[in-house]
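Trainee: predicted model follows, preceded by the sequence.
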Amino acid sequence: MTNYIAAIDQGTTSTRCMIFDQAGQIVSVDQMEHRQIFPRAGWVEHDPVEIWNNTRQVCAGALAKADLVTSEIAACGITNQRETTVVWEKSTGRPVYNAIVWQDTRTDSIVSELSSGPEGQNRYQSKTGLPLATYFSGPKIRWILDNVDGVRDRAEKGELLFGNMDTWILWNSTGGPDGGLHVTDPTNASRTLLMDLEKLEWDEDICREMGVPTAMLPEIRSSSEVYARFRERGVLGGVPIAGILGDQQAATFGQACLSPGEAKNTYGTGNFVLLNTGTERVLSKNGLITTVGYKRGDQDTIYCLEGSIAVTGSLVQWLRDNLGLIATAPEIEQLARTVDDNGGAYFVPAFSGLFAPHWRSDARGAIVGLTRYVNRGHLARAVLEATAFQTREVIEAMNADSGVPLKSLKVDGGMVANELLMQFQADILGVPVIRPKVSETTALGAAYAAGLAVGFWSSEQDIRSNWAKDKQWDPKMPAERREKEYRQWQKAVTKTFDWAS
């Protein structure tokens, strides 16, 4: 009996496999972290081979923990850190360079060059929905082709392949050099700066101007269909791979934000707010991204507005690993509760510049408002509050673009276990914040995409029926204080501009 759906969740700091039942409940999970490689300031890399090896191990581990066999898995979905860029040899599967991670800023000069015309950062926005920024895959591909010896010539000869992590995992899972499938879905393709949002096709003019040969790009298929089966030799051998969604789109799907006007916020390495706009492509005038939400088979494409925040959960890691103020990430809540407020300190974590709604690659992190009064507890609280303040900036831009003020916010991801943060988020937004019973909705969304493709779930209504509220935080902060705190935050943000040249 095929009673379960698996999902591979390849994230920025770890890879895991999760197995779900018909009710969308977690049956099993196995997870492995991978190395974060920092060759120099602003550069962030991963080892794609390490990640592929980890993927195989966590798939085996998830099956073993639940005492399941492959024949009990109806299908598997893939969800992944978006924009992270891998280029590899078609004949061997060897990467020509480490994966360049979405947070990496080394392509700033390429972005500046492409932005030098009259349209500036918005040169490709009407087609791609994206501003020119170091965040996206296209400039990262260009950097590899320009800086690794012999690689551009090989790419133009058709010897090399590109993929975000979904494509890398899929290609290896289906045979690698021996017939591996080179495919992506529109949610990932929409994060490259190379795809036409309306046609869901690679735009040859942009590819040529970006310096990316189209021969190395994967085929774009829908987010929910049977692409292929896992190679017979190996874990999950013969199981259909039937869903691909970029991590934030997967979380939106898993949160059942399936109708226009529904929104969610994922609290992970960064924060990502997505608002479903239905079949309408809303081009932002307030610093947001227009992206593909999902596309099921031959059904109409669903679009989203997105606000991407680079540093939230990773700021907690920084406090732990770089400063040693806490030993484990969850300890930050206990430390922050030792004080009543931030003591006048504000932390703007522009480690990789600022993403939405500012798009300032010249910004760098700053702590402002320091006095002798500020202690460890105040800094811990300022770290948490930075996540909530950045979320409000994005929500305000989203309200302006959509014309529909947010009435509540569904939240998910690792940081939603922090109840102090969730209460402050409700306070600074002035709307309820709602956590679902299954808060790890990224893997769940990928599982839903795969399960719908093979008939494990019959319709999107099954997703809505499975969603259940765990806890709700209502705003308690007086409006006058809320606005004063936010004004101070906005002032702090301006202090980070024009730092990096």
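Mentor: Nice, I can see it. This one's a predicted model, so the numbers in the text were calculated from it and none came from an experiment.

Trainee: so which strand or helix has the residue in the chain sticking out farthest from the centre?
Mentor: Relative to the mean C-alpha coordinate of the chain, counting by Cα atoms, centre = their mean, the farthest residue is residue 372 (37.8 Å). Following DSSP states H and E, one finds residue 372 outside all helices and strands.

Trainee: repeat for residue 144
Mentor: With DSSP H and E as criterion, residue 144 is part of helix 137-147.

Trainee: please report how far the residue farthest from the centre of the chain lies from residue 122.
Mentor: 45 Å (Cβ to Cβ, to the nearest Å). Yep, even glycine has a C-beta here, placed from its N, CA and C like the rest.

Trainee: residue 254 and residue 451 touch, don't they?
Mentor: No - with contact defined as Cβ atoms under 8 Å, residue 254 and residue 451 do not form a contacting pair (11.5 Å).

Trainee: these two - which one has more neighbours?
Mentor: Neighbour comparison, residue 254 and residue 451: the larger count goes to residue 254, with 32 against 28 (by other Cβ atoms under 10 Å).

Trainee: contacting residues around that one?
Mentor: 412, 438, 441-448, 463 (Cβ atoms under 8 Å, 6 or more residues apart in numbering).

Trainee: one more time with 10 Å
Mentor: 7, 20, 24, 79, 245, 264, 266, 412, 436, 438-449, 463, 466-467 (Cβ atoms under 10 Å, 6 or more residues apart in numbering).

Trainee: looking at these, which are in strands?
Mentor: In strands, defined here by DSSP state E, the members of those are 7, 20, 79, 245, 264, 266, 412, 436.

Trainee: please name the bridge partners of the third one.
Mentor: When you say that, I think you mean residue 79. residue 9, residue 245 (DSSP bridges).

Trainee: which elements pack onto the helix or strand harbouring residue 332?
Mentor: Using DSSP H and E, residue 332 maps to helix 331-336. Applying 3 or more Cβ pairs under 10 Å, 6 or more residues apart in numbering; DSSP states H and E, we find helix 331-336 packed against helix 313-321, helix 376-402, helix 419-429.

Trainee: what element comes up after that helix heading to the C-terminus?
Mentor: strand 346-348.

Trainee: pull the number of nearby residues for the closest residue in space to residue 500 that isn't next to it in sequence.
Mentor: Counting by Cβ to Cβ, 6 or more residues apart in numbering, residue 500 lies nearest to residue 362, which is 4.9 Å off, once chain neighbours are set aside. Neighbourhood size, residue 362 [other Cβ under 10 Å]: 15.

Trainee: residues contacting residue 362?
Mentor: Taking Cβ under 10 Å, 6+ apart, one finds 105, 108, 350, 353-354, 496-501 in contact with residue 362.

Trainee: that one: what secondary structure?
Mentor: Under DSSP: H, G, I helix; E, B strand; the rest coil, residue 362 falls in the coil class.

Trainee: distance check, it against residue 102.
Mentor: Residue 362 is 18 Å from residue 102, by Cβ to Cβ.
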